[in-house]
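Visitor: fold the stuff below for me.
(one chain, ligands or ions: 1)
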Amino acid sequence: MKAIVYRRFGPPDVLELADVAEPRLRRGEALVRVEAAALNPKDVLVRKGRMRWAGALTLPRTPGYDFAGQIERLHPSVQSSAGVAVGDEVFGMVQAMRGGTCAELVAVPTDELAPRPRGLSAERAAALPLVALTALQALRDLGELRAGQRLLVNGASGGVGTVALQIARARGAQITAVCSAANAAMVRALGADEVIDYNEQDPTSGERRYHVFFDTFGNRRYADARRVLLDEGRYVTTVPNARSLRQEVLGRLGLSRARLVVVRSRRRDLENIATLVEVGVLEPVIDRVLPLEKSAEAHAHLETRRARGKVVLTVG
Ligand SMILES: NC(=O)c1ccc[n+]([C@@H]2O[C@H](COP(=O)([O-])OP(=O)(O)OC[C@H]3O[C@@H](n4cnc5c(N)ncnc54)[C@H](OP(=O)(O)O)[C@@H]3O)[C@@H](O)[C@H]2O)c1
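Guide: Below is the predicted model of the structure:
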C-alpha cells in the first residue's frame, strides 16, 4: 500500500510517499481504508524527533493520528457486540505515539473509532478527532466548565481553539478568545463574545476574571493566568513541559488548580463529538486540504503555527 514514511527525524523533506507492507491486524483491531487524515502539531514534534522522551519512537515511521475512512476488515477477535462492521464509515484518533494514518490502510483498536457524523465528508470528519477530544476532555473533565461561566481560550484560532470555542458555546459559557487581529471575525463567528488581540493586550492582565483559562497555545503560565482567574477558577494547558507536568501532579492531588490535558481516544467521546456535529453545534474548521503526496507542504504550513483550523490530507 501507499504511505507517507520517514526514515530519519528531521525537516518536512524527510517525508516521502512509499510502497510499504499493509499493517498487521492485532486483537481487537479494525483495518480502516483511510480516505482522509488530518495533521496535528504532534506530527511535527514526532517527525523532528522531539518526542523521543514520550516513548520508543522507531523508524521508519508513518505520521498521522486522525483519520476518516471505511472499515475493510476486522480481526477475528472482534465480537459482533463491539458495534462495528465491515463497510462502516468511521472516524477516530489513534492513541498515544503509534500514528500511521497517513497511509491507505491503518489498523485501529475498535474503541478508538466511531461512526462518522452523518452527512460529514471524510475530509471534514478527519479534521475533528484529536482536537475535539482534547477540547472536550479539557473543558468538560478538567475545567468542569458550566453554563454561564466565563472562559478564556488562548490560541482560539488554531485546531484545538476553534473546536473549544464551539464546545464552550454549546455548554453556555461566556467566551473570551485570544488570537491575532486577522482571526478576530472567525473566532466571533465560532462563539467568542469578546476577542483579545495578543499583540495589543496581555490576556493575563485586565479586569475580567474567568472561571476557566484554557491555554491551547501553551505560552501562558499558570503563575500569570492566576491573575485573571477567580478564586475557584481553573487553568488547563495542552502543552507538556516540566512546569505543566509538575502542576498536573499537584492538581491531581488537589493542591493546584492547574491541569494538563493529555488527550485520550475514547469511542464514547467520539460518539459525543459526532452528536454535536449532527445537531449542528460543532463543525470542523479547515485551513486547507492537500493530497497525501503533498505531506511535506502540509507539514511546513502547520509548522508556521499560523494555520486557521486544520490541515487535512486526502488519501487515495
Ligand atoms: N496534551 C495534549 O493532549 C494535546 C492535544 C492537542 C494539542 N496539543 C498541543 O496544543 C498546541 C495547540 O495545538 P493546535 O492543534 O491548536 O495548534 P495549531 O492549530 O497549530 O495552532 C495554530 C494557531 O496558534 C495561534 N497562535 C500563534 N501564535 C500565538 C500566540 N502567541 N498566542 C496565541 N495564539 C497563537 C495561531 O493563531 P493566530 O494566527 O491568530 O495567532 C494559529 O491559529 C500544540 O502545542 C499541540 O501539540 C496537546
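Visitor: use CA for all of it now, contacts and neighbours both
Guide: Noted.
Visitor: let me see the domain layout of this protein.
Guide: Per automatic domain parsing, the structural domains of the chain span 2-128+284-314, 131-260.
Visitor: can you give me the helices for the stretch 201-316 of the chain?
Guide: Ranges of helices within the stretch 201-316 of the chain are 222-225, 242-252, 267-278, 295-303, based on DSSP state H, counting those that start in this stretch.
Visitor: which one of these lies nearest to the ligand?
Guide: helix 295-303 (5.6 Å; Cα to the nearest ligand atom).
Visitor: what residues of that closest one count as buried?
Guide: Applying a neighbour-count criterion of 16 or more other Cα atoms under 10 Å, one finds 295-299, 301-303 buried in helix 295-303.
Visitor: what does this protein have sitting close to the ligand?
Guide: The chain comes close to the ligand at residues 40-42, 131, 134, 154-155, 157-161, 179-180, 183, 216-217, 238-239, 261-263, 302, 305-309, as judged by Cα under 6 Å from any ligand atom.
Visitor: what about the strands in the stretch 51-200 of the chain?
Guide: Taking DSSP state E, counting those that start in this stretch to define them, one finds strands in the stretch 51-200 of the chain at 66-74, 89-93, 105-109, 113-115, 150-154, 174-179, 194-197.
Visitor: re the thing from before, would you reformat the buried residues of helix 295-303 as JSON lines and include distance to Ala168 and pLDDT?
Guide: Shown next, in JSON lines, are the buried residues of helix 295-303 (distance: Cα to Cα, whole Å; pLDDT from 0 to 100):
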{"residue": "Ser295", "distance to Ala168": "32", "pLDDT": "98"}
{"residue": "Ala296", "distance to Ala168": "33", "pLDDT": "98"}
{"residue": "Glu297", "distance to Ala168": "32", "pLDDT": "98"}
{"residue": "Ala298", "distance to Ala168": "29", "pLDDT": "98"}
{"residue": "His299", "distance to Ala168": "29", "pLDDT": "98"}
{"residue": "His301", "distance to Ala168": "27", "pLDDT": "98"}
{"residue": "Leu302", "distance to Ala168": "25", "pLDDT": "97"}
{"residue": "Glu303", "distance to Ala168": "27", "pLDDT": "97"}
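Visitor: mind checking the end-to-end distance for stretch 166-185?
Guide: End-to-end distance for stretch 166-185, by Cα to Cα, to the nearest Å: 14 Å.
Visitor: kindly report the same for stretch 150-166.
Guide: End-to-end distance of stretch 150-166: 14 Å, with Cα to Cα as the criterion.
Visitor: could you dump the strands of the stretch 51-200 of the chain to JSON lines with mean pLDDT?
Guide: Putting those into JSON lines (pLDDT from 0 to 100) gives the following:
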{"stretch": "strand 66-74", "mean pLDDT": "98"}
{"stretch": "strand 89-93", "mean pLDDT": "98"}
{"stretch": "strand 105-109", "mean pLDDT": "97"}
{"stretch": "strand 113-115", "mean pLDDT": "98"}
{"stretch": "strand 150-154", "mean pLDDT": "98"}
{"stretch": "strand 174-179", "mean pLDDT": "98"}
{"stretch": "strand 194-197", "mean pLDDT": "98"}
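Visitor: export those as CSV, with columns for mean neighbour count and distance to Leu255.
Guide: Converted to CSV, the strands of the stretch 51-200 of the chain look like this (neighbours: other Cα atoms under 10 Å; distance: least, Cα to Cα, whole Å):
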stretch, mean neighbour count, distance to Leu255
strand 66-74, 26, 34
strand 89-93, 28, 32
strand 105-109, 25, 36
strand 113-115, 24, 35
strand 150-154, 27, 22
strand 174-179, 26, 27
strand 194-197, 18, 30
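Visitor: select, out of those strands, the one closest to Asn272.
Guide: strand 113-115 (9.8 Å; Cα to Cα).
Visitor: contacts for that closest one next, please.
Guide: 88-93, 265-267, 270-271, 274 (Cα atoms under 8 Å, 6 or more residues apart in numbering).
Visitor: give me the buried subset of the residues of the chain next to the ligand.
Guide: If you count burial by 16+ other Cα under 10 Å, the buried members of those come out as 40, 42, 131, 134, 154-155, 157-161, 179-180, 183, 216-217, 238-239, 261, 263, 302, 307-309.
Visitor: contact partners for Glu297?
Guide: Counting by Cα under 8 Å, 6+ apart, Glu297 has contacts Pro12.
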